[in-house]
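A.B. asks: no sequence on this one, just coordinates:
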């Protein structure tokens with residue numbers, strides 16, 4: 001890869017206007033478009049002489065708008081929501097002028113005057129979209145969400161118009177016909193991805209079909225917004241109020257403190273409130289000894305997926321049918337049998353047959369283990385005097401009890417070895433052991449919240465890799481869950497490497513009684529998981545921004561994160577950071593050994609649950625135009641065909657179906673299993689040669705982490721492993737195969 005001098009992280013903007021790529025803009029929107037380089041001289045890109053006119057005009061109206069300046073690290077402390085829409089409108093106008101200049105260029109279409117010009121044309125749009133995409137997750141208030149919906153509507157309409165422009169596509173096709181003259185693989189990859197993106201946007205369709213495709217995309221965006229609004233309303237509306245402290249029995253102290261805080265936030269002078277947000281719901285389902293209360297909360301969680309939007313009689317079940325139908329129609333317009341085929345056209349697994357084979361192998365391997373585990377759940381319930389069949393609201397609670405009994409692990413106890421800053425430092429130490437990376441806290445970086453920490457990340461030779469923000473504790477302003485945001489993707493500018501700016505965000509429970517924030521094992525793995533995404537972004541070393549970091553196909557993006565997660569609880573890594581927060585004592589061997597078994601405990605039931613979710617998603621998105629089946633009917637058919645135990649509900653995987661029907665994941669639920677398979681196989685290489693094997697880690701970095709999407713990701717996989725992925729490692733890891741008889745490669 002390139003080794004030119006690296007540019008240090010900067011607090012204030014230093015990137016010239018127009019540098020950010022049009023391809024990145026599409027990636028931020030969940031789309032895929034990339035631009036190749038060239039190896040022969042061509043006419044220079046067209047100049048837009050009044051490129052800064054829009055900026056000057058807007059400065060007169062909003063002199064303090066920080067979004068008008070190019071930057072590496074956003075000036076978070078100065079940005080307000082009122083800045084975004086005016087900046088967007090002006091940037092759209094500028095982008096349209098630049099695209100028109102590309103189309104009107106009378107020179108023969110070539111890489112520089114078409115593809116690179118597109119790369120530059122989306123500079124300000126990409127920057128704005130990336131900044132808003134990150135901020136909206138940490139400023140998840142209604143007024144910000146309303147603005148973001150308007151921003152998204154305007155931006156998507158413009159991007160769809162540009163991507164489907166037949167005159168622009170004609171120039172791209174001219175470049176594509178000369179593809180063989182491009183000797184640089186990264187150039188060819190960019191060219192292929194650009195062409196694919198435009199075809200998926202309808203650039204190859206007739207004018208009438210383009211009009212219909214745009215109408216479908218617009219309606220899908222509106223339906224997704226309505227679906228999310230329904231779900232959000234139902235999620236926020238429900239609350240389980242407890243005023244008797246005896247009914248809190250079994251709940252960890254941190255959960256009780258959080259519930260008291262939620263009660264105050266919701267206007268209750270006393271008592272405890274439990275909600276359908278993940279930080280409240282799942283701890284309650286895992287620990288509450290009150291079966292009826294668990295049932296109440298679980299059923300409310302399930303019902304929210306069919307929540308009604310007040311004032312409009314369209315529930316989410318109706319919306320799902322319409323969304324699935326429109327997706328099928330869109331796929332047919334673009335020449336695919338169904339939406340699933342459209343999804344598979346941009347995947348690394350390659351075919352539906354491979355997915356089906358993977359699911360069948362896993363289901364067969366998991367069945368016997370699941371039957372034994374189900375009996376263990378029944379026995380645990382019987383010990384509590386409950387002779388009923390296990391129900392979904394029993395699943396989390398008794399899974400937790402079995403974990404405690406069989407592994408002798410109590411969550412409130414094990415948390416004492418996982419203080420947040422120690423776990424963070426453990427992740428840093430692992431990256432240092434594997435790649436020599438170091439993390440240096442910066443007090444001068446702009447922050448969006450005082451609790452955020454910013455770090456300059458340096459390579460083993462002391463050169464800059466980029467900036468990493470960490471925002472771990474829960475607060476009311478955040479969306480639920482944990483994620484990585486990318487504010488700046490790595491790329492090269494004028495021969496110099498420009499580092500990435502990434503953020504890891506979570507909702508870990510607050511500190512209690514003067515203690516530090518203490519994490520459970522699942523939260524420890526979450527921290528390492530998101531850190532894996534950040535490393536994928538920071539270690540990127542490719543020429544073009546739109547191909548860098550985690551901008552890989554959707555079924556590959558989780559692989560590096562799941563891989564790093566596998567180090568988190570291994571003995572060699574625990575000994576780097578797992579010290580008791582009060583005594584300083586290193587975690588003891590019995591606890592270490594118990595943690596090694598967590599991935600295999602109840603793995604049969606967990607695997608069946610995951611397979612059911614995936615099969616339902618696949619079935620919905622293989623429906624063709626005119627086919628119709630209800631949400632409940634489809635789910636019941638899959639459960640019946642699988643003979644799924646009643647205590648398992650595949651909707652557990654779906655976050656109220658939001659990711660499938662209001663996001664970009666529809667038809668891609670399989671991707672988690674595929675990424676797990678890749679991660680298990682790759683980690684097996686380290687288990688066989690040493691978890692801290694620096695030589696193998698460098699190979700992982702060189703062949704996968706640094707490559708981004710600059711070459712086909714499975715080519716990167718084969719360069720690292722020298723073969724195709726092997727499911728045997730995933731089966732062994734989950735304890736679903738006899739270790740002695742397993743013969744993984």
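C.D. replies: Cool, got the structure. All values derive from a computational prediction rather than experimental measurement.
A.B. asks: for residue 729, see how far away residue 369 is.
C.D. replies: According to CB to CB, to the nearest Å, residue 369 stands 17 Å off from residue 729. From N, CA and C alone the C-beta is placed, and that goes for glycine too.
A.B. asks: more neighbours, the two?
C.D. replies: When neighbours are counted by other CB atoms under 10 Å, residue 369 and residue 729 differ, and residue 729 comes out ahead with 24 against 21.
A.B. asks: got the contact list for residue 615?
C.D. replies: 359, 638, 642, 650 (CB atoms under 8 Å, 6 or more residues apart in numbering).
A.B. asks: out of those residues, list just those in helices.
C.D. replies: 359, 638, 642 (DSSP state H).
A.B. asks: what count of nearby residues applies to the closest residue in space to the last one that isn't next to it in sequence?
C.D. replies: The reference is to residue 642. Distance criterion CB to CB, 6 or more residues apart in numbering; nearest residue to residue 642, sequence neighbours excluded, is residue 612 at 5.8 Å. Number of residues near residue 612 (other CB under 10 Å) recorded here: 25.
A.B. asks: surely residue 612 is within a helix?
C.D. replies: Yes: applying DSSP: H, G, I helix; E, B strand; the rest coil, one finds residue 612 inside a helix.
A.B. asks: sketch out the low-pLDDT regions of the stretch 251-400 of the chain for me.
C.D. replies: In the predicted model, the stretch 251-400 of the chain carries pLDDT under 70 at residues 306-314.
A.B. asks: hmm, back to that, most neighbours among the ones in helices among the contacts of residue 615, please name it.
C.D. replies: residue 638 (21 neighbours).
A.B. asks: how close does it get to residue 507?
C.D. replies: Residue 638 is 31 Å from residue 507, where distance means CB to CB.
A.B. asks: do residue 435 as well
C.D. replies: Taking CB to CB, one finds residue 435 at 28 Å from residue 507.
A.B. asks: who does the most centrally placed residue in the chain bridge with?
C.D. replies: The C-alpha lying nearest the average C-alpha coordinate of the chain belongs to residue 483 (CA atoms, centre = their mean; 6.1 Å). Listed by DSSP bridges, the beta-bridge partners for residue 483 are residue 505.
A.B. asks: circling back: now, which of the ones in helices among the contacts of residue 615 sits nearest residue 581?
C.D. replies: Nearest to residue 581 out of the ones in helices among the contacts of residue 615 is residue 359 (CB to CB; 42.4 Å).
A.B. asks: my guess is residue 334 contacts residue 203, does it?
C.D. replies: No: here residue 334 does not reach residue 203: they are 10.5 Å apart, not a contact under CB atoms under 8 Å.
A.B. asks: thinking again about what came up before, show me what contacts the residue nearest to residue 642?
C.D. replies: Contacts for residue 612 (CB under 8 Å, 6+ apart) come out as 638-639, 642, 644, 648, 650.
A.B. asks: mind listing the helices for the stretch 151-300 of the chain?
C.D. replies: With DSSP state H, counting those that start in this stretch, the ranges of helices along the stretch 151-300 of the chain come out as 166-177, 185-200, 207-237, 253-265, 278-287, 291-303.
A.B. asks: how about the closest residue to residue 698 other than its chain neighbours, phi and psi?
C.D. replies: Counting by CB to CB, 6+ apart, residue 435 is the residue found nearest to residue 698 once chain neighbours are left out, at 7.2 Å. Here is the backbone geometry of residue 435 (degrees, to the nearest 10): phi -130, psi 0.
A.B. asks: so what's residue 435 up against?
C.D. replies: Listed by CB under 8 Å, 6+ apart, the contact partners of residue 435 are 459-460, 539, 694, 697-698, 701.
A.B. asks: how near is it to residue 545?
C.D. replies: Going from residue 435 to residue 545 by CB to CB gives 22 Å.
A.B. asks: now the helices: where do they sit in the stretch 551-700 of the chain?
C.D. replies: 559-565, 571-577, 589-596, 603-620, 631-642, 658-661, 671-689, 694-700.
A.B. asks: what mean pLDDT does the fourth one have?
C.D. replies: Looking back up the chat, that one is helix 603-620. Throughout helix 603-620, pLDDT has a mean value of 94.
A.B. asks: between that helix and helix 671-689, how big is the angle?
C.D. replies: 140 degrees (axes from the mean of the first three to the mean of the last three CA atoms, to 10 degrees).
A.B. asks: re the thing from before, now the helices of the stretch 151-300 of the chain in JSON lines, with mean neighbour count and distance to residue 721?
C.D. replies: As requested, the helices of the stretch 151-300 of the chain are exported to JSON lines (neighbours: other CB atoms under 10 Å; distance: least, CB to CB, whole Å):
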{"stretch": "helix 166-177", "mean neighbour count": "18", "distance to residue 721": "31"}
{"stretch": "helix 185-200", "mean neighbour count": "21", "distance to residue 721": "19"}
{"stretch": "helix 207-237", "mean neighbour count": "17", "distance to residue 721": "37"}
{"stretch": "helix 253-265", "mean neighbour count": "18", "distance to residue 721": "41"}
{"stretch": "helix 278-287", "mean neighbour count": "21", "distance to residue 721": "35"}
{"stretch": "helix 291-303", "mean neighbour count": "17", "distance to residue 721": "40"}
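A.B. asks: dump those helices into TSV; add distance to residue 272 as well.
C.D. replies: As requested, the helices of the stretch 151-300 of the chain are exported to TSV (distance: least, CB to CB, whole Å):
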stretch	distance to residue 272
helix 166-177	58
helix 185-200	49
helix 207-237	17
helix 253-265	4
helix 278-287	10
helix 291-303	11
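A.B. asks: so which of the ones you listed gets nearest residue 678?
C.D. replies: helix 185-200 (19.8 Å).
A.B. asks: quick check, distance from the closest one to the centre of its chain.
C.D. replies: 23 Å (CA atoms, centre = their mean, to the nearest Å).
A.B. asks: can you check stretch 620-640 too?
C.D. replies: 26 Å.
A.B. asks: which parts of it are buried?
C.D. replies: The neighbour-count check on stretch 620-640 (16 or more other CB atoms under 10 Å) flags 620-623, 631, 634-635, 638-639 as buried.
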